[in-house]
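*Asks:* missing the sequence, but the structure's below:
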């Protein structure tokens with residue numbers, strides 16, 4: 001069973017300048033629970049004692065999803081997670097030469113520290129996973145040794161992180177295929193970043209290659225260009241891979257809007273799946289066909305994600321959409337009359353350099 005691990009409350013809040021209040025965290029967690037998320041990273045306890053308390057409060061709400069805390073490979077981080085009462089932990093280790101050099105560490109340190117930290121964590125948590133930070137730029141031989149050692153120490157899952165979003169769908173597929181074949185008894189998780197705009201595609205490639213879990217955040221919120229958006233991955237899985245990830249897509253609008261509001265990270269109106277305009281149409285050719293069958297110009301029915309197909313009246317409109325809009329306004333006109341109105345609609349829209357609203361359309365009709 002493949003699943004989505006939401007990390008809005010951890011990696012999402014790591015986006016520069018983003019801070020959630022405790023009330024906002026609880027609401028986000030509640031909404032994640034309601035849409036069907038089965039596992040969620042709820043924070044990094046080592047940030048502060050207040051963060052520990054907040055995480056403990058979130059855990060005490062009794063949400064159905066499995067809660068997970070993230071930690072660095074230090075005793076202090078692991079004990080901070082323990083104090084929250086969380087039962088699952090993911091311990092992150094840098095594995096690329098670049099990351100290790102920046103920290104003044106080497107391969108031997110990673111392997112020795114891994115044994116110590118896993119041994120410590122295993123005494124305090126029901127589930128211990130480890131993360132391979134910057135796995136996408138790691139030496140392949142060392143990465144395989146890292147995974148092998150983790151499996152030997154009883155780690156439940158290994159996270160393969162594309163920390164700076166350098167991978168592409170082909171290279172992700174190769175990595176997942178290789179590691180799952182070499183280590184068939186290990187569960188793997190893929191963590192994408194969107195620096196090159198490929199987080200969703202890379203995450204879908206990982207699922208297609210058979211990885212067990214993938215990380216997502218609401219609206220793709222996260223460091224730099226963000227993470228793989230939950231709403232895009234869930235929708236792409238269903239409509240492109242024909243794989244239902246158990247997410248209630250019809251409820252996505254509410255949680256996406258809420259996270260947009262409380263994070264103050266506003267998404268494009270044309271953002272895939274949940275953007276304000278992604279089910280809007282102006283082209284006369286498109287609108288004429290859409291009036292006959294909504295699926296002619298949609299990858300999925302808008303209602304699947306809690307939206308409706310909408311027509312914008314403007315420069316590119318045709319007679320059918322103008323007549324349809326007028327009918328919705330309670331004004332019935334013939335197609336012949338629509339042909340007379342259309343040139344004026346196009347003229348006004350061109351002057352405005354924008355679509356025209358119902359009031360403007362009504363005023364236009366009264367003047368003709």
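*Replies:* Noted; the coordinates are in hand. Remember, predicted model here, so these are calculated numbers, not experimental data. Numbers count the residues shown, from 1 in each chain.

*Asks:* quick one: contacts for residue 221?
*Replies:* 8, 12-13, 15, 18, 227, 259, 263, 265 (Cβ atoms under 8 Å, 6 or more residues apart in numbering). All C-beta spots, glycine's among them, are computed from the backbone N, C-alpha and C.

*Asks:* which ones are touching the most centrally placed residue in the chain?
*Replies:* Centroid check for the chain by Cα atoms, centre = their mean gives residue 229 as the closest residue, at 1.6 Å. Listed by Cβ under 8 Å, 6+ apart, the contact set of residue 229 reads 199-200, 216-220, 272-273.

*Asks:* before we move on, the earlier item: what about the contacts of residue 221, which are in helices?
*Replies:* 259, 263 (DSSP state H).

*Asks:* closest one of the contacts of residue 221 to residue 57?
*Replies:* Relative to residue 57, the closest of the contacts of residue 221 is residue 13; by Cβ to Cβ it sits at 15.4 Å.

*Asks:* contact partners for the closest residue to the closest one other than its chain neighbours?
*Replies:* If you skip the residues right next to it in sequence, residue 13 has residue 20 as its closest partner in space, 5.6 Å away by Cβ to Cβ, 6 or more residues apart in numbering. Residue 20 makes contacts with 9, 13, 28, 262-263, as judged by Cβ under 8 Å, 6+ apart.

*Asks:* rerun that using 10 Å as the cut-off
*Replies:* Neighbour list for residue 20: 8-9, 12-13, 26-28, 43, 54, 259, 262-263 [criterion: Cβ atoms under 10 Å, 6 or more residues apart in numbering].

*Asks:* among those, who's most crowded?
*Replies:* Comparing the contacts of residue 20 by number of neighbours (other Cβ atoms under 10 Å), residue 8 comes first, having 31 neighbours.

*Asks:* the residue nearest to residue 13 and residue 106, how far apart?
*Replies:* With the distance defined as Cβ to Cβ, to the nearest Å, residue 20 ends up 37 Å from residue 106.

*Asks:* what of residue 145?
*Replies:* For residue 145, the distance to residue 106 (Cβ to Cβ) stands at 13 Å.

*Asks:* try residue 139
*Replies:* 12 Å.

*Asks:* what touches both of these two?
*Replies:* Joint contacts of residue 139 and residue 106 (Cβ under 10 Å, 6+ apart) are residue 97.

*Asks:* doesn't residue 110 belong to a strand?
*Replies:* No: the assignment for residue 110 (DSSP: H, G, I helix; E, B strand; the rest coil) gives helix, which keeps it out of a strand.

*Asks:* now it: closest residue in space, sequence neighbours ignored.
*Replies:* Nearest to residue 110 is residue 93, by Cβ to Cβ, 6+ apart, at 5.4 Å.

*Asks:* look up which residues are beta-bridged to that neighbour.
*Replies:* With DSSP bridges as the criterion, residue 93 is bridged to residue 132.

*Asks:* what about residue 319, how many neighbours?
*Replies:* The tally of other residues near residue 319 (other Cβ under 10 Å) stands at 20.

*Asks:* ramachandran angles for it?
*Replies:* phi -60, psi -40 (degrees, to the nearest 10).

*Asks:* ok, it - contacts?
*Replies:* For residue 319, the contacting residues are 284, 287-288, 333, 335-342, 345, by Cβ under 10 Å, 6+ apart.

*Asks:* the top helix by length along the chain packs against which elements?
*Replies:* Secondary structure of the chain read by DSSP H shows that its longest helix is helix 335-352. The elements that helix 335-352 packs onto, with contact taken as 3 or more Cβ pairs under 10 Å, 6 or more residues apart in numbering; DSSP states H and E, are helix 319-328, helix 358-367.

*Asks:* return the set of buried residues in the last one.
*Replies:* In other words, helix 358-367. For helix 358-367, the buried set under the neighbour-count rule, 16 or more other Cβ atoms under 10 Å, comprises 361, 364-365.

*Asks:* quick one: residues in contact with that helix.
*Replies:* 313, 322, 325-326, 328-331, 333, 337, 341, 344-345, 347-349, 352, 355-357.

*Asks:* try it again with 8 Å
*Replies:* With contacts defined as Cβ under 8 Å, 6+ apart, helix 358-367 is touched by 313, 322, 325-326, 329, 331, 333, 341, 344-345, 348, 356.

*Asks:* which of those has the weakest pLDDT?
*Replies:* On pLDDT alone, residue 348 ranks lowest of those, at 76.

*Asks:* how many neighbours does residue 313 have?
*Replies:* 25.

*Asks:* ok so, going back, can you select the buried ones from the contacts of helix 358-367 in ChimeraX?
*Replies:* Buried residues among the contacts of helix 358-367 (16+ other Cβ under 10 Å), as a ChimeraX selection:
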select :313,322,325,326,333,341,344,345,348,356
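
*Asks:* which one of the contacts of helix 358-367 is nearest residue 118?
*Replies:* residue 313 (62.0 Å).

*Asks:* and the closest one, how far is that from residue 288?
*Replies:* Distance of residue 313 to residue 288, computed by Cβ to Cβ: 14 Å.

*Asks:* if anything else comes up later, I'll come back, but that's it for now.
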